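> show me the folded form of this:
(2 chains)
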Amino acid sequence: AQKVTQAQTEISVVEKEDVTLDCVYETRDTTYYLFWYKQPPSGELVFLIRRNSFDEQNEISGRYSWNFQKSTSSFNFTITASQVVDSAVYFCALSSSNTGKLIFGQGTTLQVKP
Amino acid sequence: EAGVAQSPRYKIIEKRQSVAFWCNPISGHATLYWYQQILGQGPKLLIQFQNNGVVDDSQLPKDRFSAERLKGVDSTLKIQPAKLEDSAVYLCASSLASQIGPEAFFGQGTRLTVV
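Just a heads-up that it's a prediction; the model follows:
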């Protein structure tokens, strides 16, 4: 069975602090993809990143960085120097079926205070 | 490029009534998904179409939910009759293809409240 766990329900930080959102996944497949989506108050899920199971290189995009570790089945997301605009719900998701179906975690609500 | 369009944005109905949601995917996207997002939870796939054929509807409550994608473009999702537990945001998404790992683009969703 596939499963995604985001143990942090809510995180509150002050602007300019760094924050890491945790994601742990379960799958028996050897080929799979991991995703992070951002859901602002408007409701639309915004794609942030996709990584496949064969690429464990960490990735950095501006203030965002992702750490993929197959050994611990984790795909953590770090925001450096957080800003108020980063306030949103963040979802980690797994796609390991051949249909592209996404399995989402419960989401982590990030609040960045000025 | 226009994104995924959904309507209505909000809907309030009484239990046992029926309701329909509409989705227009990104032009050229063969795969269309309907997800249900209950408050405080992550989205859950209800049904997936590849063109106008159903790929996965294993989690669709077929006694009350139905969906169609005529001509492989627009799609409608219907609930009849609605129950209180159907209160949720219904998200439509589309992607170029359905093989593993496609980037799915989501609409803003329809927030359904059943009273």
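> which parts of chain B sit against chain A?
Residues of chain B found near chain A (C-beta under 8 Å from any C-beta of the partner chain) are B:3, B:31, B:33, B:35, B:40-45, B:48, B:55-56, B:89, B:91, B:93, B:95, B:97-109, B:111. Every C-beta, even on glycine, is put in place using the N, C-alpha and C of the backbone.
> among the residues you listed, which ones are in strands?
B:31, B:33, B:35, B:44-45, B:48, B:55-56, B:89, B:91, B:93, B:95, B:105-106, B:111 (DSSP state E).
> and which of those is nearest chain A?
Checking those against chain A by C-beta to the nearest C-beta gives B:Phe106 as the nearest, at 3.9 Å.
> quick one: low-confidence parts of chain B?
Low-confidence segments of chain B (pLDDT under 70): B:1, B:98-101.
> oh, that last question was meant for chain A, not what I typed.
Scanning chain A for pLDDT under 70 picks out A:97-98.
> coming back round to it: in ChimeraX, how would I select just the buried ones from the residues of chain B next to chain A?
A single ChimeraX command selects the buried members of the residues of chain B next to chain A (16 or more other C-beta atoms under 10 Å in any protein chain shown):
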select /B:31,33,35,42,43,45,48,55,56,89,91,93,95,98,100,101,102,104,105,106,107,108,109,111
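> which ones are touching the spatially most central residue of chain B?
Geometric centre of chain B, nearest residue: B:Trp34, 2.8 Å, by C-alpha atoms, centre = their mean. By C-beta atoms under 8 Å, 6 or more residues apart in numbering or on different chains, B:Trp34 lies in contact with B:Cys23, B:Leu45, B:Leu46, B:Ile47, B:Gln48, B:Ala67, B:Ser75, B:Leu77, B:Tyr90, B:Leu91, B:Cys92.
> which strand residues bridge it?
Assessed by DSSP bridges, B:Trp34 has beta-bridge partners B:Ile47, B:Cys92.
> ok, it to chain A distance?
Distance of B:Trp34 to chain A, computed by C-beta to the nearest C-beta, to the nearest Å: 12 Å.
> nearest spatial neighbour of A:Ile11, chain-adjacent residues omitted?
A:Leu110 (5.2 Å; C-beta to C-beta, 6 or more residues apart in numbering or on different chains).
> an error on my part: the question was meant for B:Ala88.
Using C-beta to C-beta, 6+ apart and skipping the chain neighbours, the partner closest in space to B:Ala88 is B:Ile38 (4.6 Å).
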